[in-house]
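Enquirer: predicted coordinates and the sequence they were generated for:
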Amino acid sequence: MRIMYLSPTGQLGGAESSLVDILASVRQAEPSWPLHLLAASDGPLIGRAQSLGVTAEVLPFPSAIARVGEHGAASGGPGDTVRFAARLVLASAAAVRYRAALLRAIDAFDPAIVHTNGLKMHVLAACGRRRPGGSRPPGLVWHLHDYLGSRRMTTKLLRWRQRASGCPGRPATVVTNSDSVAADATRALGNGTHVVTVRNGVDLDRFSPIGARANLDAMSGLPQAPAHTIRVGLVATLARWKGHMTFLEAIALLPAHLAVRAYIVGDAVYQTEGSQYSLDELRQLARRSGVGDRVGFTGFVRAPEAVFRALDVVVHASTAPEPFGLVIAEAMACGRPVIVSNAGGAAEIVTAGVDALVHAPGDPADLAAQIAALAADPALRARIGGAAHLTAERSFDRARLAAELIPIYRSVAAA
């Protein structure tokens, strides 16, 4: 079976890392299947795919499409919605041209299945028209890594794509990465949309307690921390809803006697305007919070597994419900105790007090209390981290991805 995957970026955020795991799992399960990746920008995703024996190409978004994004442009006010709508209008002509080029690329590969892996590709994928000679169009699978309920304009576009007569972008199946995203998609899309949950997987050979450890101080340009310092890190893209400000405020609230050094690991990886912090902004926020000398900033890291092993505590601080939380699963696989923002899909994958601690989203005092509890108690860190590793082995092995996705592909192709 020929499968083509469409990604709105070649960078490696959570959705793209999840796609790498899908490619690896499907390739291992069905080594003879031709798999092809098309990404809308160059980046490390391309090399990762090619290393798995997946062919890949880049079809760059025009800048008008790359910059537009509802997460960055719309925070809920009517003015923001109007501005986002205006950007959509400006991008519409570029979108028509891009869809034509995308259709040519799809026809050139001639897939049985097109699997889109991001909201822009769900909207733009033009892959269902009947081909010359009457051959069947490919089946379409949308993979949702985001909640649609907070993206009103995007949801309207997706529903329009579904309802349009003979619409070439109507998905046969919508795959989601958690039950909470599935429930949200069912409400948002309606129309009897077939929604299936396939939780993300992790490469347990790569993400394990044993292996190299990053020198976080050197990566951050800091002097080596004293012995017995507890290293606490937030590993995430710099999207504004990932809770960097909550994390910095929590560090500022920690008791002075605790020897804690904090790290922010990651960088801005997407092109969408207004949706992310810059590292300079976060450094300024750290100084304003009074913790500028206690927080290191590593920038983008290609080997997050080495970062997790170097951390004593991993913090997940998203202020909005997390669709899944791949960083949580990866850190757990490395045997790290994780403090999880207790909402959305992230809350589905941990058991509070057993394999993770939890905190109220956006509550610095609650987060500080959980950090302090782990920083002060080595036995608690060991217990939570050990249980986390067992959960990862039981629930997150990426071999499961092919076992769950291949029957979906076969069903969609036969429909």
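Expert: Looks like it arrived, so ask away.

Enquirer: who are the packing partners of the helix or strand harbouring Ala49?
Expert: For Ala49, the host element (DSSP states H and E) is helix 44-51. Judged by 3 or more C-beta pairs under 8 Å, 6 or more residues apart in numbering; DSSP states H and E, the packing partners of helix 44-51 are helix 14-29, strand 35-39, strand 55-58. For every residue, glycine as well, the C-beta is placed using N, CA and C.

Enquirer: any idea which of the ones you listed gets closest to Glu322?
Expert: helix 14-29 (9.1 Å; C-beta to C-beta).

Enquirer: mind listing what Tyr98 touches?
Expert: Leu59, Phe61, Pro62, Ile65, Leu124 (C-beta atoms under 8 Å, 6 or more residues apart in numbering).

Enquirer: any chance you could list what contacts the helix holding Ala49?
Expert: 7, 9-12, 16, 19-20, 23, 37, 39, 56, 58, 302.

Enquirer: from Ile339, how far out is Gln276?
Expert: 23 Å (C-beta to C-beta, to the nearest Å).

Enquirer: give me the number of residues near the nearest residue to Asn177 once chain neighbours are set aside?
Expert: Residue nearest to Asn177 in three dimensions, not counting chain neighbours: Phe324, with 4.1 Å by C-beta to C-beta, 6 or more residues apart in numbering. The number of residues packed near Phe324 is 24, by other C-beta atoms under 10 Å.

Enquirer: what is the rounded mean pLDDT of the helix holding Ala49?
Expert: The pLDDT scores in helix 44-51 average 97.

Enquirer: in helices, which of the contacts of Tyr98 appear?
Expert: When DSSP state H is applied, those are split such that Ile65, Leu124 fall in helices.

Enquirer: give me the buried subset of the contacts of Tyr98.
Expert: Neighbour counting by 16 or more other C-beta atoms under 10 Å classes Phe61, Ile65, Leu124 among the contacts of Tyr98 as buried.

Enquirer: how many residues are close by Val354?
Expert: Applying other C-beta under 10 Å, I find that Val354 has 13 neighbouring residues.

Enquirer: check contacts around it.
Expert: Applying C-beta under 8 Å, 6+ apart to Val354 gives the contacts Ile384, Ala387.

Enquirer: lowest-confidence entry in the buried ones among the contacts of Tyr98?
Expert: Within the buried ones among the contacts of Tyr98, pLDDT reaches its minimum at Ile65, with 84.

Enquirer: so that one touches Ala93, yeah?
Expert: No: if you go by C-beta atoms under 8 Å, Ile65 and Ala93 don't touch, sitting 10.3 Å apart.

Enquirer: what is the residue nearest to Val350 when sequence neighbours are not counted paired to in the beta sheet?
Expert: The shortest distance from Val350 to any non-neighbouring residue, by C-beta to C-beta, 6+ apart, is to Ala356 (3.8 Å). Per DSSP bridges, the residues bridged to Ala356 are Ala352.

Enquirer: just checking, Ala356 touches Met332?
Expert: Yes: using C-beta under 8 Å, Ala356 is in contact with Met332, at 7.3 Å.

Enquirer: now do the strands in the stretch 201-350 of the chain.
Expert: With DSSP state E, counting those that start in this stretch as the criterion, the stretch 201-350 of the chain has strands at 230-235, 260-265, 295-299, 313-315, 338-341.

Enquirer: how about the ones you listed in TSV, adding mean neighbour count and mean pLDDT?
Expert: Output for the strands of the stretch 201-350 of the chain, formatted as TSV (neighbours: other C-beta atoms under 10 Å; pLDDT from 0 to 100):
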stretch	mean neighbour count	mean pLDDT
strand 230-235	24	98
strand 260-265	25	98
strand 295-299	20	96
strand 313-315	27	98
strand 338-341	28	98
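
Enquirer: okay, those strands in a markdown table with distance to Arg398 next?
Expert: Formatted as a markdown table, those follow (distance: least, C-beta to C-beta, whole Å):
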| stretch | distance to Arg398 |
| --- | --- |
| strand 230-235 | 19 |
| strand 260-265 | 22 |
| strand 295-299 | 25 |
| strand 313-315 | 20 |
| strand 338-341 | 19 |
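
Enquirer: which of these sits closest to Gln224?
Expert: strand 260-265 (10.1 Å).

Enquirer: and Val196, that's in a helix?
Expert: No: read with DSSP: H, G, I helix; E, B strand; the rest coil, Val196 is strand and lies in no helix.

Enquirer: buried residues, the helix or strand containing Gly385. List them.
Expert: Gly385 is part of helix 378-395, with elements assigned from DSSP H and E. Within helix 378-395, the residues scored as buried using 16+ other C-beta under 10 Å are Arg381, Ile384, Gly385, Ala387, Ala388, His389, Thr391, Ala392, Ser395.

Enquirer: out of those residues, who's nearest Ala29?
Expert: Closest to Ala29 out of the buried residues of helix 378-395 is Ser395 (18.6 Å), distances taken as C-beta to C-beta.

Enquirer: residues in contact with stretch 100-115: which ones?
Expert: 1-6, 22, 34, 36, 38, 57, 59, 124-127, 129, 131, 138-141, 143, 168, 409, 412-413.

Enquirer: what's the burial count for Pro31?
Expert: Neighbours around Pro31, by other C-beta under 10 Å: 9.

Enquirer: can you pull the contacts of it?
Expert: Applying C-beta under 8 Å, 6+ apart, the residues near Pro31 are Gly53.

Enquirer: state the phi and psi torsions of it.
Expert: phi -60, psi -20 (degrees, to the nearest 10).

Enquirer: mind checking how far it is from Ala24?
Expert: 11 Å.

Enquirer: about what we covered before: so for Ala356 and Met332, which residue has more residues nearby?
Expert: With neighbours defined as other C-beta under 10 Å, Ala356 and Met332 compare such that Met332 has more, 32 against 28.

Enquirer: how near is the closest residue to the more buried one other than its chain neighbours to Gly325?
Expert: Leaving out its chain neighbours, the residue that sits closest to Met332 by C-beta to C-beta, 6+ apart is Ala388, at 3.7 Å. Applying C-beta to C-beta, the value for Ala388 to Gly325 is 13 Å.
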